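Enquirer: model the structure of this input:
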Amino acid sequence: MGAMLQASAAPPPSRPDHPLIRAVQRRSVALLVAAAVLNYFDRSALAIANPLIRADLHLSLGQMGELLSAFLLAYAICQLPIGALLDRVGPKRALGAGLLLWSAAQAAGGLMWGFYPFVAARALLGIGEGPMFPAASAVVRDWFRPGRRTSATGVWNSAPAMAQALAPPVLTGLTLAVGWRWMFVSLGLAGVVLAAVWTLAYRDRRRHVPPPAERAAAGWVRLFTHRMTWGLMAGNFGVIYVLYLYNTWLPSYLEIERHLSIKSAGLLSALPFALSVTGSIGGGFLVDHLGRRGASLIRAQKAFAAASLVGMGLFTFAAAHAASVGWAMADISAALFCNGCATCMAWAMATTAAPKGYVGALGGIQNCAGYLGGALAPTVTGFIVQATGHFTSALVTGAVIAFLSAASYVLIVPREPMRLEV
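Expert: Model prediction:
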């Protein structure tokens, strides 16, 4: 036992192809995938149980949109301090604490009987989940060399889509078996177990000494003076807006617009997110392949992100005018395939473009802007549907936002990584 502890405490080998490094890489990505799957199960729970919660708590569609947005708004705001803090404490402590907090909030949500206490639980869930994606980005930056980072990002970034493919049938079945309240509590208990596993199994690899707090704060402010930061923010706004248009309202769209049962809508909602997994992994491996053949990683990543957003816009617009359930689901599936690639590229660009010591900060800033879009999507969609009785205008709105965000990647994001002098 003592020998094992000494080995685990020893500095990791420096060669990126060393067997111990490869083992740590595989374990780290597997842990990130598990955490991100649970993360999105927790996020999806409210959307899956949407009709039952509305009936149980006597909520309108507009109130449900606000409830869906409470998590997203809290999550977006906390990205700014959490990203900067993560660069100082490391992903192990940041994600471990986040897992415990969001799991407690998820379980508490199942115990709420009023609208405003439920809003508070959802906001706490958003704060707890804050470290997840900046931490994943930092893990990839720490343990993978540049030519492997986009594919590693594609793998862990596929976990949310994987969870969204699995969540509708799994959580619908669990809700029908034990009720929506016990479904929430069960997810919270699973998170506590995973927090213990992450804390015991993952080790930080610090490649640099964090700068003094005053210098780090000045550097964080300086990030906002770069075009790269604003381009990533504007691009990710559209990526996450469209994602949460579907993530929070797809089951209800199928029930309200296409007149499917709760069970049928839950099962059918899995297909588009399964294709998003392919978009994330495939896009990541293809960009790294181009990089190893001499292409600029940042240029390839921004080109794939812009093209994916254009695809998201075109297919979302087509879904708004689809004549049948089959065509609508084909269009939505294609849109989410593109979304998987776009989210992979957004996080890969944060890893590639960030100055040393600021990957968490840049990732948090980008994610803040993205989830401001994500927070708007459920509320805007809810009130549009409440006013019109249909989802057509809500989908067209999402398509327009996707096109504008594609333009930001083309026109604002530079072709070279950031340089930061403080």
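Enquirer: helices and strands of the chain: which one bottoms out on pLDDT?
Expert: Using mean pLDDT, DSSP states H and E, the weakest-scoring helix or strand in the chain turns out to be helix 2-9, at a mean of 40.
Enquirer: what's near enough to touch Ile256?
Expert: Applying CB atoms under 8 Å, 6 or more residues apart in numbering, we find Ile256 in contact with Val385, Phe391. C-betas here are computed from N, CA, C, even on glycine.
Enquirer: state the distance from it to Trp198.
Expert: Distance of Ile256 to Trp198, given as CB to CB, to the nearest Å: 39 Å.
Enquirer: the helices in the stretch 301-422 of the chain, which residues?
Expert: 325-353, 359-388, 392-411 (DSSP state H, counting those that start in this stretch).
Enquirer: how distant is the second one from the center of its chain?
Expert: Going by CA atoms, centre = their mean, to the nearest Å, the spacing between the C-alpha centre of helix 359-388 and its chain's C-alpha centre is 11 Å.
Enquirer: ok, back up a step: okay, the helices of the stretch 301-422 of the chain in TSV with mean neighbour count next?
Expert: Output for the helices of the stretch 301-422 of the chain, formatted as TSV (neighbours: other CB atoms under 10 Å):
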stretch	mean neighbour count
helix 325-353	26
helix 359-388	24
helix 392-411	21
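Enquirer: so which of the ones you listed comes closest to Ala306?
Expert: Closest approach to Ala306 among those (CB to CB): helix 392-411, 4.1 Å.
Enquirer: between the closest one and helix 325-353, how big is the angle?
Expert: Counting by axes from the mean of the first three to the mean of the last three CA atoms, to 10 degrees, helix 392-411 lies at 30 degrees to helix 325-353.
Enquirer: average pLDDT for helix 392-411?
Expert: Computed over helix 392-411, the mean pLDDT rounds to 96.
Enquirer: worst mean pLDDT among the helices of the stretch 301-422 of the chain?
Expert: helix 359-388 (a mean of 88).
Enquirer: and the helices in the stretch 151-300 of the chain?
Expert: For the stretch 151-300 of the chain, the helices defined by DSSP H, counting those that start in this stretch cover 180-201, 213-223, 227-256, 262-268, 270-292, 297-320.
Enquirer: neighbours of the nearest residue to Ala406 once chain neighbours are set aside, just the number please.
Expert: Sequence neighbours aside, Leu309 is the residue nearest to Ala406 in space, at 3.6 Å (criterion: CB to CB, 6 or more residues apart in numbering). Residue neighbour count, defined by other CB atoms under 10 Å, stands at 30 for Leu309.
Enquirer: surely Pro414 touches Met228?
Expert: Yes: using CB atoms under 8 Å, Pro414 makes contact with Met228 at a distance of 5.6 Å.
Enquirer: so these two - more neighbours on which side?
Expert: The residue with more neighbours, out of Pro414 and Met228, is Met228; 25 against 14, by other CB under 10 Å.
Enquirer: I'd assumed Ala335 was in contact with Gly279.
Expert: No: using CB under 8 Å, Gly279 is not in contact with Ala335; the gap is 10.0 Å.
Enquirer: what about the helices in the stretch 1-150 of the chain?
Expert: Along the stretch 1-150 of the chain, the stretches classed as helices by DSSP H, counting those that start in this stretch are 2-9, 19-48, 50-57, 61-89, 91-109, 115-129, 132-143, 146-178.
Enquirer: please spell out which residues along the second one are buried.
Expert: Neighbour counts using 16 or more other CB atoms under 10 Å place 21, 24-25, 28-29, 31-48 of helix 19-48 among the buried residues.
Enquirer: quick one, what contacts the residue lying closest to Phe304 once chain neighbours are set aside?
Expert: Spatial nearest neighbour of Phe304, excluding adjacent residues (CB to CB, 6+ apart): Met345 at 4.9 Å. Met345 sits next to Thr150, Gly283, Val287, Gln301, Lys302, Phe304, Ala305, Ser308 when contact means CB under 8 Å, 6+ apart.
Enquirer: again, only using 7 Å
Expert: Shown in contact with Met345 (CB atoms under 7 Å, 6 or more residues apart in numbering): Gly283, Gln301, Phe304, Ala305, Ser308.
Enquirer: with Met162 as the reference, measure out to it.
Expert: Distance of Met345 to Met162, given as CB to CB: 18 Å.
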